[in-house]
Every structure is written in structure tokens, then in C-alpha cells.
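Trainee: could you work out the structure for the sequence below:
(one chain, ligands or ions: 2)
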Amino acid sequence: MDIYRLPALSDNYIFLLHDPGHNIAAVVDPAEPYPVLEKLESLKAKLVTIFNTHHHSDHVGGNQRLIQKFPQLTVYGGVEDRGRIPGQKVFLQEGDRVQFADRVGQVFFVPGHTSGHIAYYFPPVSSGDTGELFCGDTLFAGGCGRLFEGTPAQMVDSLSKLRNLPDNTRFWCAHEYTLKNLQFAMTVDEQNPELQKRFAEVKAARSRNEATVPSTIGVEKLTNPFMGWDRKSLQLVMKSQDPVQTFARLRGMKDRF
Ligand code: ZN
Ligand code: FE
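Mentor: Residues are numbered from 1 along each chain as shown. Ligands and ions are numbered 1, 2, ... in the order given. Coordinates of the predicted model:
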């Protein structure tokens, strides 16, 4: 399975999964149709699947047009998003399995950003391989999604599921927010040498207009404050000993940053 990262709108990424053996493709969160149609054209591949993580328009905006072009394709999304995702055919919940090419994906229910948000995790097939996680707007490189339809407790629970994945898991989040996220992270965790190093690297990468997605779960555990609700040093800065309150205060600060 090859993964292509397609820039869309102002700061979204669409991910296109390609099975070169069968010349079929799946797409994760098509914000708009044209980057997808263009890539399919150049690969001469047929789109068979749309995997949606949640109902926001910058994630499902391309569904309708892609369905028109490939009427046989199947649209997957969370069961709680029933009625909110154009063309949705399959209604997924925690623990469900999805398949694309030779990979079987697991579904995580990760509410917080929205009430019906799901993530797709494709474990490695052979040793030396990495797992691939498509997490929409739940976990970002250096940050996490805003709580539009969920509580801090729900988001901590959702992020815990992702944090439990192997450190080398690559995750593909739907926005290029990393630099801004790390600027915020530095205001609450500036003594963290791993964070300092990453901030410098990301600044350099963005000045060359390079993408910072995918990142890995291991990198986030070391540098993303939104994965550090139980870290003593962050709890001290947030003046709380409670993990959920620590997370809630961080999220509140970031919303005003
Ligand atoms: Zn969203
Ligand atoms: Fe989004």
C-alpha cells in the first residue's frame, strides 16, 4: 500500500492509499475533489473507498463529486455521524475492521473534536513495517483538535487510545498545524530538550515549505503537551494534579493562543 499526501484547501491534507497491484485507491477525508481526481488520473487508478474520520466540511467536501465520478465506491464513517457524511454507506464503531488492499484496519472511536469522530489504524503486516494511523482532527503533530462537540475527559480517553499504539506508528493528521502547535508547546514546556530540538527542525522544514506530516506516536509522546496530561512537569505548570484538568487547562490556553 502506497500512501500519497495531497495538499488541499489552505492547510488540509488528503491521504490517498494506492494498491499498485490492483490499481485501486482509497482516500481519507477528501476535503475537495480535484487534488484526488488529478492524482487518480496520474496513477490511472480507480477509487473504490472513501474513509471519513468526521463530518466537518473540510473532510467530506469532496465526497459528492467523487461519488459522481465513481458511483461504485463505498463511503465509510462513524455510526454517530449518520446523516452528516454525504453518501455514507458503512457505519463504523470501536473495534470494527475495514479492509483496503492487503491491509486490515482497526477502527477507534475517538470523540472530542466532534461527537462521532473515528480513527483508522492499519497495523504493520510484516516486521520492519510500521503501522499507519489516520486520525483526522483528533491528534495533530504537536497538538490536538479543538473540542467542538466533546469534553476534555472524552478527548483524554480518545488520545489515550492513540498513545497506546507502538512508538514507531506513523500518524497522518489532516492539517499542517505543526509550527503553530509547537510555538504554543514552547510556552508551557520550554525546558524539554526534545521539544526544543523538534521546534528548530520544524521551523527549518516550514521555511523550506516542507510538510511535517506524518509524525510518529513516539515523537508526540516526547514533545506534544496534549499527550502529557499525566506528566509531573506539565501538571506543575498547569497548577493541577488531575490529568483531565491539566488537559482542559492546556486546551483552554491553546484556544486563546
Ligand atoms: Zn474537524
Ligand atoms: Fe479539519
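
Trainee: which outside residues touch stretch 245-257?
Mentor: The contact list for stretch 245-257 (C-beta atoms under 8 Å, 6 or more residues apart in numbering) reads 143-144, 146-147, 152, 155-156, 183-184, 187-188, 225-226, 229-230, 234-235, 238-240. Yep, even glycine has a C-beta here, placed from its N, CA and C like the rest.

Trainee: got it, and stretch 158-172?
Mentor: 3, 5, 13, 15, 28, 108-112, 117, 119, 121, 130-135, 138-139, 144, 150, 213-218, 220-221, 226-227.

Trainee: next to ligand 1, which bits of the stretch 101-250 of the chain? Give me the list.
Mentor: residue 137 (C-beta under 5 Å from the ion).

Trainee: near ligand 2, which residues of the stretch 101-250 of the chain?
Mentor: residue 137.

Trainee: just for the stretch 101-250 of the chain, where's the confidence low?
Mentor: Scanning the stretch 101-250 of the chain for pLDDT under 70 picks out nothing.

Trainee: show me where the chain has strands.
Mentor: Shown for the chain, the strands assigned by DSSP state E span residues 2-8, 12-19, 24-28, 46-51, 74-78, 88-92, 97-100, 103-109, 118-122, 132-136, 139-140, 143-144, 170-173, 215-216.

Trainee: CA atoms only for the fifth one, dumped as CSV, please.
Mentor: In other words, strand 74-78. Coordinates of each C-alpha in strand 74-78 appear next as CSV, following Å, rounded to 0.1, in the frame of the first residue of the first chain:
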residue,chain,number,x,y,z
THR,A,74,-18.1,2.9,-0.7
VAL,A,75,-18.1,5.7,1.9
TYR,A,76,-17.1,4.7,5.4
GLY,A,77,-17.6,6.8,8.6
GLY,A,78,-18.6,6.6,12.2
